[in-house]
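Peer 1: attaching a predicted model along with its sequence, questions to come.
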Amino acid sequence: MPGGRLTQQERQQIALGLADGLAYAEIARGLDRPTSTVTREVMRNGGPTAYRADLAHRASGHRAQRRRQAAPRNPKTPPQPHGRDAEAVRAYEERLTTVFIQSGTPKMMARVLACLCISDSGGHTASELVQHLQVSPASVSKAAAFLESQDLIRRERDERRRERYVVDDDVWYQSMMASARGTAQVAETARQGIPVLGPNTPAATRLENIARFLDYVSESITRAADQAREVLHTRPEATPDGAVRP
């Protein structure tokens with residue numbers, strides 16, 4: 001599998017693949033590159049609808065030049081807790097970010113969420129996120145507000161009264177419940193259109209089918225999320241003889 005920077009010809013192939021409506025994975029197979037490489041390339045250069053090979057290649061050259069000119073203050077990577085490999089952690093964070101992006105999370109929001117998820121404490125202050133991600137405070141604030149609106153993170157104050165963004169252990173439960181509420185709202189709105197369009201009309205029938213389907217999905221998500229949370233968060237009970245009982 002080839003490594004290194006993408007060539008201009010490869011970027012042109014990416015642009016052609018996007019124009020043909022190909023998925024990132026299919027484009028990547030044609031280039032013999034990882035899907036994450038194609039995803040990052042497209043997302044950092046305008047997204048699938050605005051990607052241009054010539055502009056992307058020029059921007060890549062500018063970034064490489066800035067990296068060469070930048071003199072790092074401390075060439076040594078700070079030590080990682082628990083004896084972790086710093087480079088492996090960085091690569092995993094990038095991979096997790098890419099998966100979040102592919103699932104529909106905007107890029108900056110995905111970066112913040114990934115950073116919080118791999119933190120042992122599960123939380124960072126805004127300044128810590130700015131320093132780690134090398135972005136502006138405004139970018140962190142906007143990303144955090146979006147993630148909070150999706151019930152993916154929450155805010156709290158630390159002992160120094162600084163605001164911290166925190167991702168809980170049951171983050172996906174909260175996210176699933178928010179999704180179920182949104183789905184139920186769509187179902188209810190669809191049902192409200194039935195008397196407006198007239199019962200038994202084709203449009204009203206379509207809305208009724210949409211509402212019934214989404215009602216079932218919303219209820220199923222809620223039930224499954226509650227059951228999974230109860231099972232996964234229940235600690236085993238110890239019996240008098242010392243055995244562990246689920």
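Peer 2: Alright, I've got the coordinates.
Peer 1: give me the domain ranges for this structure.
Peer 2: As given by automatic domain parsing, the domain ranges for the chain are 8-66, 85-166, 171-234.
Peer 1: what is the burial count for R229?
Peer 2: Look at R229: counted by other Cβ atoms under 10 Å, it has 16 neighbours. To be clear about C-beta, it is placed using only N, CA and C from the backbone, and glycine gets the same treatment.
Peer 1: sorry, that was for Q65
Peer 2: 10.
Peer 1: please report how far it lies from I118.
Peer 2: Per Cβ to Cβ, to the nearest Å, Q65 is found 30 Å from I118.
Peer 1: can I get the domains of the chain in CSV including mean pLDDT?
Peer 2: Below are the domains of the chain laid out as CSV (pLDDT from 0 to 100):
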stretch, mean pLDDT
domain 8-66, 87
domain 85-166, 89
domain 171-234, 91
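Peer 1: can you tell me the element the spatially most central residue of the chain falls in?
Peer 2: The geometric centre of the chain, computed from its C-alpha atoms, lies nearest to F100 (Cα atoms, centre = their mean), at 2.6 Å. Taking DSSP states H and E as the criterion, F100 maps to helix 86-102.
Peer 1: only the C-alpha atoms, please, for the helix or strand that that helix is followed by, written as PDB.
Peer 2: Per DSSP H and E, the first helix or strand lying C-terminal to helix 86-102 is helix 107-117. Provided in PDB are the C-alpha atoms of helix 107-117 (Å, rounded to 0.1, in the frame of the first residue of the first chain):
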ATOM      1  CA  LYS A 107     -15.300  17.800  11.600                       C
ATOM      2  CA  MET A 108     -14.500  20.200  14.500                       C
ATOM      3  CA  MET A 109     -17.200  18.600  16.600                       C
ATOM      4  CA  ALA A 110     -15.700  15.200  15.800                       C
ATOM      5  CA  ARG A 111     -12.300  16.300  16.900                       C
ATOM      6  CA  VAL A 112     -13.500  17.700  20.200                       C
ATOM      7  CA  LEU A 113     -15.600  14.500  20.900                       C
ATOM      8  CA  ALA A 114     -12.700  12.200  20.100                       C
ATOM      9  CA  CYS A 115     -10.300  14.200  22.300                       C
ATOM     10  CA  LEU A 116     -12.700  14.000  25.300                       C
ATOM     11  CA  CYS A 117     -13.500  10.300  24.700                       C
END
